[in-house]
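A.B. asks: okay, predicted coordinates and the sequence, questions at the end:
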Amino acid sequence: MHILKGIIHGKTIQLEHEPGLPDGQAVSVTLLPAMPIGEGLRRSFASWADEAGELDSFLDEIRHDRKRQRDETGR
């Protein structure tokens with residue numbers, strides 16, 4: 001039994017290393033996420049992870065500024 005890491009792309013799993021098996025070899029696959037689901041997003045938002053209310057306010061401010069800029073330029 002080998003444990004290999006990879007990345008899922010739709011129905012395809014791209015492995016980090018060659019599995020050492022011939023093309024066409026049937027295999028069984030057990031999927032175990034490398035990190036808990038949602039952890040990647042949590043890490044991406046870093047300091048905002050525990051401040052959802054502040055993030056919402058920040059994004060609302062950006063949306064408001066962009067709308068104001070579009071109104072001023074007529075785009």
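C.D. replies: Yep, it's here.
A.B. asks: going by C-alpha atoms from here, please, whenever you check contacts or count neighbours.
C.D. replies: OK.
A.B. asks: how far off centre is the helix or strand of the chain with the lowest mean pLDDT?
C.D. replies: Counting by mean pLDDT, DSSP states H and E, the chain has its least confident helix or strand at helix 39-45, which shows a mean of 74. Put simply, helix 39-45 sits 8 Å off its chain's centre (CA atoms, centre = their mean, to the nearest Å).
A.B. asks: what's the burial count for Gly6?
C.D. replies: 13 (other CA atoms under 10 Å).
A.B. asks: show me where pLDDT drops low in this protein?
C.D. replies: 47-50, 75 (pLDDT under 70).
A.B. asks: all helices of it, in order?
C.D. replies: Along the chain, counting by DSSP state H, helices occupy 39-45, 52-73.
A.B. asks: turn those helices into TSV, including mean neighbour count and distance to Lys11.
C.D. replies: Listed next are the helices of the chain as TSV, based on neighbours: other CA atoms under 10 Å; distance: least, CA to CA, whole Å:
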stretch	mean neighbour count	distance to Lys11
helix 39-45	12	20
helix 52-73	11	33
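A.B. asks: any chance of a markdown table for the ones you listed, columns distance to Gly24?
C.D. replies: Shown next, in a markdown table, are these (distance: least, CA to CA, whole Å):
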| stretch | distance to Gly24 |
| --- | --- |
| helix 39-45 | 33 |
| helix 52-73 | 47 |
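A.B. asks: out of those helices, nearest to Leu31?
C.D. replies: Leu31 lies closest to helix 39-45 among the helices of the chain, at 16.6 Å (CA to CA).
A.B. asks: restricting to C-alpha, output the closest one in PDB.
C.D. replies: Backbone C-alpha positions of helix 39-45 (Å, rounded to 0.1, in the frame of the first residue of the first chain) are rendered in PDB as follows:
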ATOM      1  CA  GLU A  39      -9.500  25.400   6.300                       C
ATOM      2  CA  GLY A  40      -8.000  26.700   3.000                       C
ATOM      3  CA  LEU A  41     -10.500  29.500   2.900                       C
ATOM      4  CA  ARG A  42      -9.900  30.300   6.600                       C
ATOM      5  CA  ARG A  43      -6.200  30.500   6.000                       C
ATOM      6  CA  SER A  44      -6.700  32.600   2.900                       C
ATOM      7  CA  PHE A  45      -8.600  35.200   4.900                       C
END
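A.B. asks: no further queries at this time; thank you.
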